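sharing a model prediction with you, sequence too.
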Amino acid sequence: MTAHSTSPASASARAPSTPDEWEAYFAARWEWLRAPLGQPPGSERDEYEDTAVHRAVFGPEGDVLAIGRLHLVDAANARVRYVGCDPDHRCRGLGRAVMGALEEAAYRRNIRRIHLHAREDAVSFYIRLGYRATGAAPTLYGKIPQTMMEKKLTPPA
């Protein structure tokens, strides 16, 4: 993936809308989150895909720069999974844009609390977004320690 000058001010996250965008979205999810752990293609999907809220930041050439997904747990709670960013585009506000779009979608659905499992190297990112650690989460594929985190949603500003 090539480097672009996407900045936080120009980053907006939206759902993939074409078959090519969906294919790129799932390919990025596998490439960034599962392939490095030795997991096969297909491991980047689960049983919630059809009912989940998907968001991605797309570059000017249609390439996927950041991704994330939210699925409902019950009437008041949701879980965020599969948040990732192209390594060449980190620290530019793209993950923040994805999380903001997921939180906004959750709030519109009357969700008031979001839960997630953060990899060790992402805990500080979520803390900056207002999440708090609530305990240890299961180790991912027996390799990556994770922390359970949650955020109580308030009306958007």
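Ah, there it is.

packing partners of the longest helix along the chain?
Taking DSSP state H as the criterion, the chain has its longest helix at helix 94-108. Judged by 3 or more CB pairs under 8 Å, 6 or more residues apart in numbering; DSSP states H and E, helix 94-108 is in contact with strand 13-14, strand 53-58, strand 64-72, strand 77-85, strand 113-119. C-beta here means a position set from N, CA and C on the backbone, and glycine is covered the same way.

let me have those strands in CSV, adding mean neighbour count, distance to Ala133 and mean pLDDT as columns.
Shown next, in CSV, are the helices and strands packed on helix 94-108 (neighbours: other CB atoms under 10 Å; distance: least, CB to CB, whole Å; pLDDT from 0 to 100):
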stretch, mean neighbour count, distance to Ala133, mean pLDDT
strand 13-14, 19, 24, 94
strand 53-58, 24, 23, 96
strand 64-72, 24, 19, 96
strand 77-85, 21, 15, 95
strand 113-119, 19, 8, 96
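
now do the longest helix of the chain and strand 113-119, the angle between them.
Put simply, helix 94-108 runs at 150 degrees to strand 113-119, going by axes from the mean of the first three to the mean of the last three CA atoms, to 10 degrees.
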